[in-house]
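J.: predicted model follows, preceded by the sequence.
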Amino acid sequence: MNVTVFGIGYVGLVQAAVLSEVGHHVCCVDVDAARIEKLKQGIIPIYEPGLTPLVKSNFEAGRITFTTNAEEGVNFADMQFIAVGTPPDEDGAADLKYVLAVANTIATHMQSAKVIVDKSTVPVGTADKVAASIQQALTAKNSELSFSVVSNPEFLKEGSAVADCMRPDRIVVGIRPNDNSQHIQETFKDLYAPFNRNHDRIIFMDARSAELTKYAANCMLATKVSFMNEMANIAEKVGADIEHVRQGIGSDSRIGFQFIYPGCGYGGSCFPKDVQALSKTSEVIGYQPELLHAVEAINQRQKNKLFEYINKHFKGNIKGKTFALWGLSFKPKTDDMREAPSRVLMESLWAAGAKVQAFDPEAMEETQRIYGSREDLALMGTKEAALKGADALVICTEWQNFKAPDFDLIKAELKQPVIVDGRNLFDPERVKAKGIEYYAIGRGLSVGGE
Ligand SMILES: NC(=O)c1ccc[n+]([C@@H]2O[C@H](COP(=O)([O-])OP(=O)(O)OC[C@H]3O[C@@H](n4cnc5c(N)ncnc54)[C@H](O)[C@@H]3O)[C@@H](O)[C@H]2O)c1
């Protein structure tokens, strides 16, 4: 099948790559000319495991093309994916201007019937808004072309996006009441057949339920994280170790071990904005989303936790100190720094007059892009180099190669043997036996507790 994808970011590029890999032909359209030019030259603008070879081989095979020409994209396929960003506006609601701009583009150029697919995470009712906007544009040009708008939210995880799209847990397809449900169901079964062989993963529902499903999934996961961080903060105050508690509750199959790691807060482009956006949707309809507000407030507080430990350890004397920082991306296996806890920490340290020597396996370029060159930030080539002459080591991201470091080297390189660990990577006894002071999240009296 032919598919056009508007918005070639984390979602659009990965979807385009996996769809072309199974034999579909995909036209990728983005307004960012530099990004499209790079893609044509085989330069992949984001880091995502397995993505580069997939894009390159399908580009060479002619199954994936890149353009800034929207008209070309609209006329390429009956199926038009919208995968543009939906960032929060000033009051936290999802800003739909990019989604509606694409809708307008499609309406302007379409010369045959289209199935328009919302891949972006959008508030309930957006499929109706997109449909109304297209209808208005068609009516204005006296066109009677038919179209449907389908909600097909994306559930990929950055860091394993290719694998997630190749083997999705589920494929949610939301159809609007007056659209041709049978035709849409058949189209989606054909499109996703290669990903649906092992067992049927497609769940058909109405468009509003599909839109809410995406928010409900992300808000549930964010709630798990904030719940564990709340428990960690309680554990710290009562002298318990949250890591023992985690093992104790995860072994209950109703709870499970997934997504119950305490830490220095969730970040990324999805959880923070999606919790905010669903809160806003709820408020607009007159419902107070108390749980969602608490999830967000706990997360904001948790992002300050590492700075609080540092401040406590150095008794407020942070000015002029240098901190080694391991991990800048919001989670491992991505270069995405959106809402990353490392940013909150660095900005607090800079405001207090400290310097940062940072290392991340993938997010150095992105850090440079965001912060530019500044005297209080040194981007180091290795995690060991980041330690040299620093007053303490702080860990913000649980990259694999941070998990078994040379503690003797850490002790030798740091001015003071202190580790502040936002991801609970180490056994406190082992670190302390090396003569290093160890602060971690919710680990009781032994490690920086009250
Ligand atoms: N990143 C994730 O892990 C993830 C997962 C699931 C869902 N989502 C959702 O998917 C959507 C996209 O997220 P993302 O992280 O891929 O965004 P992104 O910022 O990485 O990419 C968006 C792209 O859209 C392009 N764009 C903007 N306006 C355009 C237009 N009019 N025409 C063509 N291209 C245009 C931008 O230039 C950019 O390249 C968001 O709604 C997000 O919430 C993201």
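T.: Ah, there it is.
J.: now the end-to-end length of stretch 197-206.
T.: 24 Å (C-alpha to C-alpha, to the nearest Å).
J.: how about that stretch: buried residues?
T.: Neighbour-count burial for stretch 197-206 flags 202, 204 (criterion: 16 or more other C-beta atoms under 10 Å). All C-beta spots, glycine's among them, are computed from the backbone N, C-alpha and C.
J.: repeat that for stretch 122-132.
T.: 122-124, 126-127, 129-131.
J.: list of residues touching that stretch?
T.: Residues outside stretch 122-132 that contact it (C-beta atoms under 8 Å, 6 or more residues apart in numbering) are 82, 86, 93-94, 96, 99-100, 103, 116, 118, 147-151, 174, 176, 207-208, 211-212, 215, 277-278, 281.
J.: are any of the residues you listed buried, and which?
T.: By 16+ other C-beta under 10 Å, the contacts of stretch 122-132 give 82, 86, 93-94, 96, 99-100, 103, 116, 118, 147-151, 174, 176, 207-208, 211-212, 215, 277-278, 281 as buried.
J.: ok so, going back, nearest to the ligand among the buried residues of stretch 122-132?
T.: Val122 (6.7 Å; C-beta to the nearest ligand atom).
J.: determine the three-state secondary structure at that closest one.
T.: Going by DSSP: H, G, I helix; E, B strand; the rest coil, the secondary structure assigned to Val122 is coil.
J.: cool, and Pro45?
T.: Pro45 is classified as coil under three-state DSSP.
J.: Provide the count of other residues in contact range of it.
T.: 16 (other C-beta atoms under 10 Å).
J.: and for Ser251?
T.: So Ser251, with other C-beta under 10 Å, has 10 neighbours.
J.: if you skip the residues just before and after it, what's nearest to it?
T.: Counting by C-beta to C-beta, 6 or more residues apart in numbering, Phe257 is the residue found nearest to Ser251 once chain neighbours are left out, at 7.7 Å.
J.: for the ligand, what's its nearest residue on the stretch 251-400 of the chain.
T.: The nearest approach of the stretch 251-400 of the chain to the ligand comes at Ser269, 4.7 Å away (C-beta to the nearest ligand atom).
J.: can you name the residues that contact Leu100?
T.: Taking C-beta under 8 Å, 6+ apart as the criterion, Leu100 is in contact with 129-130, 133.
J.: which bits of the stretch 251-400 of the chain sit near the ligand?
T.: 269-270 (C-beta under 6 Å from any ligand atom).
J.: Ile116 is in contact with Ala77, isn't it?
T.: No: Ile116 is beyond contact range of Ala77, at 10.9 Å (criterion: C-beta atoms under 8 Å).
J.: tell me the first helix or strand C-terminal of the worst-scoring helix or strand of the chain on mean pLDDT.
T.: Lowest mean confidence among the helices and strands of the chain (mean pLDDT, DSSP states H and E): helix 428-433, at a mean of 93. Next in sequence after helix 428-433, counting helices and strands by DSSP states H and E, comes strand 437-440.
J.: sorry, back to before: which non-adjacent residue is nearest the residue of the stretch 251-400 of the chain closest to the ligand?
T.: Per C-beta to C-beta, 6+ apart, closest to Ser269 is Arg338, 4.3 Å.
J.: before we move on, the earlier item: my read is the residue of the stretch 251-400 of the chain closest to the ligand is in a helix, agree?
T.: No: going by three-state DSSP, the assignment for Ser269 is coil, not a helix.
J.: need the contact list for it.
T.: Ser269 neighbours (C-beta under 8 Å, 6+ apart): 10, 85, 158, 336, 338-339.
J.: by proximity to the ligand, which residue of the stretch 1-150 of the chain wins?
T.: The ligand sits closest to Gly9 of the stretch 1-150 of the chain, with a gap of 1.8 Å, by C-beta to the nearest ligand atom.
J.: pretty sure that residue sits against Thr86.
T.: No: if you go by C-beta under 8 Å, Gly9 and Thr86 don't touch, sitting 11.2 Å apart.
J.: so where's the stretch 301-450 of the chain uncertain?
T.: 444-450 (pLDDT under 70).
J.: let's see that with 50 instead.
T.: For the stretch 301-450 of the chain, the stretches with pLDDT under 50 are 449-450.
J.: and the strands in it?
T.: 322-326, 355-359, 377-379, 392-395, 418-421, 437-440 (DSSP state E, counting those that start in this stretch).
J.: as a markdown table, those with mean neighbour count and distance to Lys38 would be great.
T.: Shown next, in a markdown table, are the strands of the stretch 301-450 of the chain (neighbours: other C-beta atoms under 10 Å; distance: least, C-beta to C-beta, whole Å):
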| stretch | mean neighbour count | distance to Lys38 |
| --- | --- | --- |
| strand 322-326 | 26 | 28 |
| strand 355-359 | 22 | 25 |
| strand 377-379 | 19 | 22 |
| strand 392-395 | 26 | 32 |
| strand 418-421 | 26 | 36 |
| strand 437-440 | 22 | 40 |
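J.: among those strands, which is nearest Met110?
T.: Closest approach to Met110 among the strands of the stretch 301-450 of the chain is made by strand 377-379 (46.3 Å; C-beta to C-beta).
J.: pairing partners for the closest one, with directions?
T.: strand 355-359 (parallel) (DSSP bridges).
J.: so the strand it pairs with versus strand 322-326, what angle?
T.: 20 degrees (axes from the mean of the first three to the mean of the last three C-alpha atoms, to 10 degrees).
J.: from here on, call the first residue 623.
T.: OK, 623 is where the count begins now, so the last one is strand 977-981.
J.: identify all contacting residues around strand 977-981.
T.: With C-beta under 8 Å, 6+ apart, strand 977-981 has contacts from 943-948, 950, 964, 968, 971-972, 986, 989, 997-1005, 1007-1010, 1012.
J.: go on, stretch 676-695?
T.: The contact list for stretch 676-695, computed with C-beta under 8 Å, 6+ apart, reads 626, 628, 630, 635, 638-640, 642-643, 645-655, 658, 661-662, 664, 666, 702, 727, 731, 784.
J.: give me the buried entries from those residues.
T.: Those of those that meet the buried threshold are 626, 628, 630, 635, 638-640, 642-643, 646-653, 658, 661, 666, 702, 727, 784, by 16+ other C-beta under 10 Å.
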